[in-house]
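Participant: Predicted model and sequence follow; I will ask about them next.
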Amino acid sequence: MKPVCVLGNGQLGRMLRQAGEPLGIAVYPVGLDAEPESVPVHHSVITAEIERWPETALTRELARHPAFVNRDIFPLLADRYTQKQLLDELDLATAPWQLLASEQEWPGVFARLGELAIVKRRTGGYDGRGQWRIRPGEEHSLPAECYGECIVEQGINFSGEVSLVGARSAQGTCVFYPLTHNLHQDGILRASVALPHPAPQLQQQAEQMLSAIMNRLDYVGVMAMECFIVGDRLLINELAPRVHNSGHWTQNGASISQFELHLRAILNLPLPMPEVDAPSVMINLIGTDVNIDWLALPLLRLHWYEKEVRPGRKVGHLNFNHSDRSLLCRTLASLSPLLPDEYQSGLAWAQQCLTD
């Protein structure tokens, strides 16, 4: 099989490499320190782990490569402005929004969108960075350079956040995982819970939305769609044209992980629907050093990224999967004293998801 070059060498590139090994697929994450002579550029299929990859002569060559799958889709979805335009074109529900061009627009913004406005940088923002919550009288808190570089959305009163991770083959076949329920704090994903039998109406609605997007773009590979639950319907928050943090539970909770599914799709290998037969929980490890005592919990699967531990930095995640929800809850309760205070609300939220 052809090797795969990945633009970016963070944890997603690492996990794509790990997923390729059992299948005999050589995966080469490419970052700032990549040696050009060690990367089989001309014989590879190219993909990306992030919308804004490191800038080097080698990554520029890969970004122009004719074998870069979804090459022209990445810049479209990496810009929130053109991403929102796509959703409007497809008549898919999303928060009311507009481009924020100047400070003089604020009275009209509040009149149209309400008293809570969410400002987001068009490109580059992630994990809560490059986002501001603005109410009337707080406009001065937005940096002046944001005007013309941001969109502004209506603040949505939602009852929950979910994501759908799916994949599309070059022949147009689409497959999906069950909806994942997510908890964000300060814009960072803290925990995810996936159940094998999600609410049928929401699952069907989400699959129709993501299918429409992937088919319109002729997209190949894994894509993630983050949504708000508002009543009995979904509003699309954001799209990610790649493997996604909220799909990490699939490494231990599905017959095929999102990372293997992506490799299968871009290499034109068979793309069956992944089997999911038990609940799963994923806890992000953020700015927390590894604790070997975690490994005493038999249901816990540690995924450590071998990155320098810094505040606010994702350095690993913990996966749990079992058909007995009460056993999962007991395991999370046992984990609680082994994690700092900032994890406790996420652990309680995950247990609540499992018992609802």
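Facilitator: Looks like it arrived, so ask away.
Participant: what mean pLDDT does the longest helix seen in the chain have?
Facilitator: As assigned by DSSP state H, the longest helix anywhere in the chain is helix 200-217. Mean pLDDT, helix 200-217: 98.
Participant: what about the strands in the stretch 151-300 of the chain?
Facilitator: With DSSP state E, counting those that start in this stretch as the criterion, the stretch 151-300 of the chain has strands at 160-168, 174-176, 180-185, 188-194, 221-230, 233-240, 280-286.
Participant: low pLDDT regions in this protein?
Facilitator: Within the chain, the ranges that satisfy pLDDT under 70 run 127-128.
Participant: domains in it, as residue ranges please.
Facilitator: 4-68, 96-154, 160-355 (the TED database).
Participant: how long is the second one end to end?
Facilitator: For domain 96-154, the separation between the terminal residues is 6 Å (C-alpha to C-alpha, to the nearest Å).
Participant: got it, and the longest one?
Facilitator: The separation between the terminal residues of domain 160-355, taken as C-alpha to C-alpha, is 16 Å.
Participant: got it, and stretch 146-163?
Facilitator: Taking C-alpha to C-alpha, stretch 146-163 runs 28 Å from one end to the other.
Participant: buried ones in that stretch?
Facilitator: Neighbour counts over stretch 146-163 (16 or more other C-beta atoms under 10 Å) mark 146-147, 149-156, 158, 161-163 as buried. From N, CA and C alone the C-beta is placed, and that goes for glycine too.
Participant: From these, pick the one nearest residue 338.
Facilitator: Using C-beta to C-beta, residue 161 is the member of the buried residues of stretch 146-163 that sits closest to residue 338, with 26.0 Å.
Participant: quick one, what contacts that closest one?
Facilitator: Residues near residue 161 by C-beta atoms under 8 Å, 6 or more residues apart in numbering: 181, 182, 183, 184, 226, 227, 228, 229, 237.
Participant: 10 Å instead, please
Facilitator: Neighbouring residues of residue 161 by C-beta atoms under 10 Å, 6 or more residues apart in numbering: 180-184, 189, 192, 226-229, 237, 246.
Participant: So the residue nearest to residue 216 when sequence neighbours are not counted versus residue 210, what's the distance?
Facilitator: Nearest non-adjacent residue to residue 216, counting by C-beta to C-beta, 6 or more residues apart in numbering: residue 90, 6.0 Å away. Between residue 90 and residue 210 the distance, using C-beta to C-beta, to the nearest Å, works out to 11 Å.
Participant: now residue 172
Facilitator: Per C-beta to C-beta, residue 172 is found 13 Å from residue 210.
Participant: So between those two, which is more surrounded?
Facilitator: More crowded of residue 172 and residue 210, by other C-beta atoms under 10 Å: residue 210, with 26 against 11.
Participant: what residues are up against that one?
Facilitator: Residue 210 makes contact with 92, 163-168, 174, 176, 219, 223-225, 227, 236, 239 under the criterion C-beta under 10 Å, 6+ apart.
Participant: distance of it from residue 221?
Facilitator: Going from residue 210 to residue 221 by C-beta to C-beta gives 13 Å.
Participant: Need the overlap of contacts for these two.
Facilitator: Here residue 210 and residue 221 share the contacting residues 166, 167, 168, scored by C-beta under 10 Å, 6+ apart.
Participant: show me the contacts for the residue nearest to residue 155 when sequence neighbours are not counted.
Facilitator: Nearest in space to residue 155, with sequence neighbours left out and distances taken as C-beta to C-beta, 6+ apart, is residue 116 at 3.1 Å. Residues in contact with residue 116, defined by C-beta under 10 Å, 6+ apart, are 110, 133, 134, 135, 136, 153, 154, 155, 156, 157.
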